[in-house]
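**Student:** Predicted structure and sequence below. I'll ask about it afterward.
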Amino acid sequence: MWNPVIGLEIHVQLKTNSKIFSSASTDFGAKQNTQACAIDLGMPGVLPVLNEEAVVMAIKFGLAIGADISNNSIFARKNYFYPDLPKGYQISQYEIPIVSGGSIDIVIDDKIKTINITRAHLEEDAGKSIHDLYPNESAIDLNRAGTPLIEIVSEPEMQSAKEAVQYLKNIHSLVRYLNISDGNMQEGSFRCDANISLMKNGDKKLGTRAEIKNINSFKFVENAINYEIERQSILLDEGDKVIQETRLYDPVKNETRSMRSKEEANDYRYFPDPDLLPVEIDNNLITSIKKEMPELPNAKKERFIKQYKLNEYDIGILTADRELSEYFENTLSQTKLNPKSTANWIITEVLALAKKSNLSVQNYPVSHEDLKTLLLNVHDETISSKQAKEIFDRMWNNSEKPTDIINNEGLKQISDVDELNKIVDNIIKNNYKSVEEYQSGKEKLFGFFVGQVMKETKGMGNPKIINEILKGKLKK
């Protein structure tokens, strides 16, 4: 009966060394209130100066989504009062953002859906309220005040939590590919506000929306949207009205709670910031940025299909993260390794340990060079696949080198055909009754012979060669 209508406002912290209007550091984890300078605090007599790198990063994003880049843009003061906003206003963009339009494609149930983007504008972040440091008191940390953000506003074109999460993941992947954000959701570098409303089938007028603020994980976004859809459905089914308001999502109770009435643009009393000159963006700058754009996710997916002949599932995992795609390609580089088996290794073994250790690619304890060495030892049958998995665990957990483990533990497979022939001959000689039974039709006994050879070689015999020798010698 009710159709959800969902739009997202994504706040992406840009990967600059200093803040958007001051030279203060943006490093995460510093002691509270040690990275907020007089400009960030809006002290009398100070003037903001725009960080050019933030503008360049916004342009990169605009180019990546096929948006219009404005040659002229202005900053505005967004006025509201909150304890973690030291100036009493936030410097943002309103009437003329740097990026307008553009779109992102998502794939849902094997169908492509295009989500249009309204705008992407630059703004400064606020500080942070801390409620668990002191009993019955709140503290304010202003280290984040002035941190550069790009706010990406979608059209209200998503119809389910599943679509919203996929759109969010695609944006997350894109900003990391562009290297304009680390996308660290736990540190607040990537978070979103979700606007949800419901409308009846056939209606053209959107329903009253509620905005859920500052959700910082894909799972929480999905849960919050689903909860809000159900909450609004119950209200409307009972003949009540949905109130336009801002809500917070509580992941512990899995519910949204009312925070305050939802503000409209006129509530913020936007006006051009008198301390900042209009931004003029030259077409030559846009052209030079366009030339330096990296390979983007969709282009990489198409190349992986053609170059490596991988299936869509493998490609989806490997290209979702730029660093992981580079890890895969660097492992393959200048080798005869099979792309499919290498992809399987990374997806099943590497990512499993990475998830267990909660490590991102750049922090993997096993470099692509060491993984390459390990897989080459499997490829040339120096070690077996089973041994390789055991060795990889040691590499990951103890930072050992594959060659050192293989040599020190004497793990090289016995692949000498003459040596294996002698062992097989001896086993056949000592098990002539089993040989007769096998040759009379009990083919399951083949595993017995393989086991005997592996026992004799203390598990170091090359299974492939052992199988070939046994098949030849056990024939009638």
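**Tutor:** That came in fine, so what should we check first? These numbers come from a predicted model, not from an experiment. Numbering: from 1, shown residues only.
**Student:** where does the protein have low pLDDT?
**Tutor:** 262-265, 416, 476 (pLDDT under 70).
**Student:** Select the longest strand from it.
**Tutor:** Longest strand in the chain, counting residues (DSSP state E): strand 111-124.
**Student:** After it, heading C-terminal, what element do we hit next?
**Tutor:** For strand 111-124, the following helix or strand on the C-terminal side (DSSP states H and E) is strand 128-134.
**Student:** Whatever helix or strand comes next after that next one pairs with which strands, and in what direction?
**Tutor:** Note on strand 128-134: by DSSP H and E, the next helix or strand toward the C-terminus is strand 137-141. Strand 137-141 has the following strand partners under DSSP bridges: strand 128-134 (antiparallel).
**Student:** ok, residue 74 touching residue 279?
**Tutor:** Yes: taking CB atoms under 8 Å as the definition, residue 74 is a contact partner of residue 279 at 7.0 Å. For the C-beta atoms, the positions are set from N, CA and C on the backbone; glycine is no exception.
**Student:** Give me the sheet partners of the longest strand of the chain and which way each runs.
**Tutor:** Strand 111-124 has these strand partners (DSSP bridges): strand 99-100 (antiparallel), strand 103-108 (antiparallel), strand 148-154 (antiparallel).
**Student:** What residues sit buried inside that strand?
**Tutor:** For strand 111-124, the buried set under the neighbour-count rule, 16 or more other CB atoms under 10 Å, comprises 113, 115, 117-124.
**Student:** same question, stretch 273-284
**Tutor:** Buried residues in stretch 273-284 (16+ other CB under 10 Å): 273, 276, 279, 281.
**Student:** Looking at those residues, which are in strands?
**Tutor:** residue 279.
**Student:** can you tell me which of the buried residues of stretch 273-284 lies nearest to residue 67?
**Tutor:** residue 281 (12.9 Å; CB to CB).
**Student:** Can you tell me how far the closest residue to that closest one other than its chain neighbours is from residue 407?
**Tutor:** Of all residues not flanking residue 281 in the chain, residue 71 sits nearest, at 5.2 Å (CB to CB, 6 or more residues apart in numbering). Separation of residue 71 from residue 407 (CB to CB, to the nearest Å) stands at 63 Å.
**Student:** So these two - more neighbours on which side?
**Tutor:** Taking other CB atoms under 10 Å, residue 71 and residue 407 do not tie; residue 71 has more neighbours (14 against 11).
**Student:** What distance do you get for that one to residue 127?
**Tutor:** Taking CB to CB, one finds residue 71 at 33 Å from residue 127.
**Student:** again with residue 2
**Tutor:** Taking CB to CB as the measure, residue 2 and residue 127 are separated by 38 Å.
**Student:** now stretch 363-383, how far from the centre of its chain.
**Tutor:** Mean-position distance between stretch 363-383 and its chain equals 25 Å (CA atoms, centre = their mean, to the nearest Å).
**Student:** mind checking the end-to-end distance for it?
**Tutor:** 27 Å (CA to CA, to the nearest Å).
**Student:** neighbours of residue 365, just the number please.
**Tutor:** Quick note: residue 365 (other CB under 10 Å) scores 15 neighbours.
**Student:** so which of the strands paired with strand 111-124 gets nearest residue 308?
**Tutor:** strand 103-108 (19.6 Å).
**Student:** so where do the strands sit in the stretch 251-400 of the chain?
**Tutor:** Along the stretch 251-400 of the chain, counting by DSSP state E, counting those that start in this stretch, strands occupy 255-261, 271-272, 279-280.
**Student:** want to try CSV for the ones you listed, with distance to residue 232 as columns?
**Tutor:** CSV is the format used below for the strands of the stretch 251-400 of the chain (distance: least, CB to CB, whole Å):
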stretch, distance to residue 232
strand 255-261, 10
strand 271-272, 34
strand 279-280, 40
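**Student:** Please identify which of residue 2 and residue 127 sits among more neighbours.
**Tutor:** Per other CB under 10 Å, whichever of residue 2 and residue 127 has more neighbours is residue 127, with 23 against 16.
**Student:** how many other residues sit next to the closest residue to residue 133 other than its chain neighbours?
**Tutor:** Leaving aside its sequence neighbours, residue 133 sits nearest to residue 139 (CB to CB, 6+ apart; 4.8 Å). Residue 139 has 15 neighbouring residues, counting by other CB under 10 Å.
**Student:** ok, residue 139 - contacts?
**Tutor:** Neighbour list for residue 139: 32, 129-131, 133 [criterion: CB atoms under 8 Å, 6 or more residues apart in numbering].
**Student:** Nearest to residue 149 among those residues?
**Tutor:** residue 129 (17.4 Å).
**Student:** Quick check: beta-bridge partners of the closest one?
**Tutor:** residue 140.
**Student:** Please look at residue 448 and residue 434 and confirm they touch.
**Tutor:** Yes: taking CB under 8 Å as the definition, residue 448 is a contact partner of residue 434 at 6.3 Å.
**Student:** Name the residue in these two with the higher neighbour count.
**Tutor:** residue 434 (17 against 14).
**Student:** Give me the nearest residue to that one, chain neighbours excluded.
**Tutor:** residue 445 (5.6 Å).
**Student:** Nice, that's everything, thank you.
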